[in-house]
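Undergrad: Provide a 3D model corresponding to the input given below.
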Amino acid sequence: MPYRSMTVEDVARMLGTDVRRVERMAKRGEIPCQKVGGQLRFNRAQITEWLQRTMGAMSHDHLAEVDAGITTQRQTPQDEAIIAPLLRVEAVSTNLGSRTKNSTLRELVALAEKTGLVVDVQTLLEAVIHREELCSTAIEYGVAIPHPRRPLPEAIAEPILVVAKTSQGMAFGAPDGRLTTLFFLTASQDDRHHLHILARLCRMLRDENFLAQLEAAQTPDEIIDLMKRRELEVIAE
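TA: Numbering: from 1, shown residues only. Got it, this is the predicted structure:
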């Protein structure tokens, strides 16, 4: 139910933090909320979008809190890998040929289609392009995580993750002004899983040594192995 109202306690659990911190964030206007009958109320769709926009800039510790909070909400074991099961060799590319933002998104969606899990390619493509038009999904260190604004249960049979890199890099709207060379396209069937994947990815990608290893990888199998090992490191932190 992506549009239901959430209490301050609900949001605190989602963010893996305490109620007082959420109240302070609301008071400072850092998180979307309304007051209803003197009580703070949060729209789930707005909180989901807010998290998508802000995860890339969160501190390592804050991302770990969000990851843990969503893990608890989804009743997922703390040591369970959620990225590794999504990695498929046919959805990994070491040499994207595109040189513009939209052509890159099309190439990423074409890789997703190779998994056989995309039911409606056009819907997925339009959703990813629309999200990018609203706000770039590029984050720091040459990374971008294209994704739809909403879960797409009607367009995909299972959650999808595409990993790709380009040797030349391109202007993708990164906050640090760097060219983007590493792309992680993801789409899920429900908002909790969607946010969980984003939080875990952001945690994994906050390591410049790991990013350098991905940049140097020569084959899809090597990229998959690096991703799996990095996720285990993050889980163990």
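
Undergrad: Setting the sequence-adjacent residues aside, check what's closest to the spatially most central residue of the chain.
TA: Note on the chain: the residue nearest the mean C-alpha position is Leu198, at 2.5 Å, using C-alpha atoms, centre = their mean. Once flanking residues are discounted, Leu198 sits nearest to Met55: 5.5 Å by C-beta to C-beta, 6 or more residues apart in numbering. Backbone N, C-alpha and C define where each C-beta goes, glycine included.

Undergrad: Double-check Glu107 against Lys165; I have them as touching.
TA: No - at 11.8 Å, Glu107 does not count as touching Lys165 under the criterion of C-beta atoms under 8 Å.

Undergrad: show me where the chain has helices.
TA: Applying DSSP state H to the chain gives helices spanning 8-15, 19-27, 44-54, 60-73, 101-113, 121-134, 191-204, 208-216, 220-236.

Undergrad: Need the winner for burial among those.
TA: helix 191-204 (a mean of 22; mean count of other C-beta atoms under 10 Å).

Undergrad: For that one, the averaged confidence score.
TA: For helix 191-204, mean pLDDT rounds to 90.

Undergrad: Could you do stretch 4-16 as well?
TA: Here the average pLDDT along stretch 4-16 is 82.

Undergrad: residues in contact with it?
TA: 18-19, 21-23, 26, 31, 36, 39-44, 47, 64-70, 72-73, 195 (C-beta atoms under 8 Å, 6 or more residues apart in numbering).

Undergrad: Please apply the same query to stretch 200-215.
TA: Residues contacting stretch 200-215 (C-beta under 8 Å, 6+ apart): 55-56, 58, 60, 63-64, 67, 82-83, 139, 141-143, 145, 165, 181-182, 184, 186, 223, 226-227, 230-231, 234.

Undergrad: again, but for stretch 82-100
TA: By C-beta under 8 Å, 6+ apart, stretch 82-100 touches 76, 104, 106-108, 111-112, 114-115, 159-168, 170, 183, 186, 193, 196-197, 200-201, 204, 217-221, 223-224, 227-228, 231.

Undergrad: same thing but 6 Å
TA: By C-beta atoms under 6 Å, 6 or more residues apart in numbering, the surrounding residues in contact with stretch 82-100 are 104, 107, 111, 114-115, 159, 161-164, 166, 196, 200, 220, 223-224, 227-228, 231.

Undergrad: tell me the residue furthest from the middle of the chain?
TA: Largest centre distance within the chain, by C-alpha atoms, centre = their mean: Gly37, 34.4 Å.

Undergrad: which ones are touching it?
TA: Here Gly37 is in contact with no residues (criterion: C-beta under 6 Å, 6+ apart).

Undergrad: Repeat that for Glu65.
TA: Per C-beta under 6 Å, 6+ apart, neighbours of Glu65: 16-17.

Undergrad: one more time with 7 Å
TA: Shown in contact with Glu65 (C-beta atoms under 7 Å, 6 or more residues apart in numbering): 15-17.

Undergrad: any chance of those residues in CSV, plus distance to Leu51?
TA: CSV is the format used below for the contacts of Glu65 (distance: C-beta to C-beta, whole Å):
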residue, distance to Leu51
Leu15, 8
Gly16, 12
Thr17, 12
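
Undergrad: Can you tell me which of these lies closest to Glu126?
TA: Proximity to Glu126 was ranked across those by C-beta to C-beta; first place goes to Leu15, at 30.1 Å.
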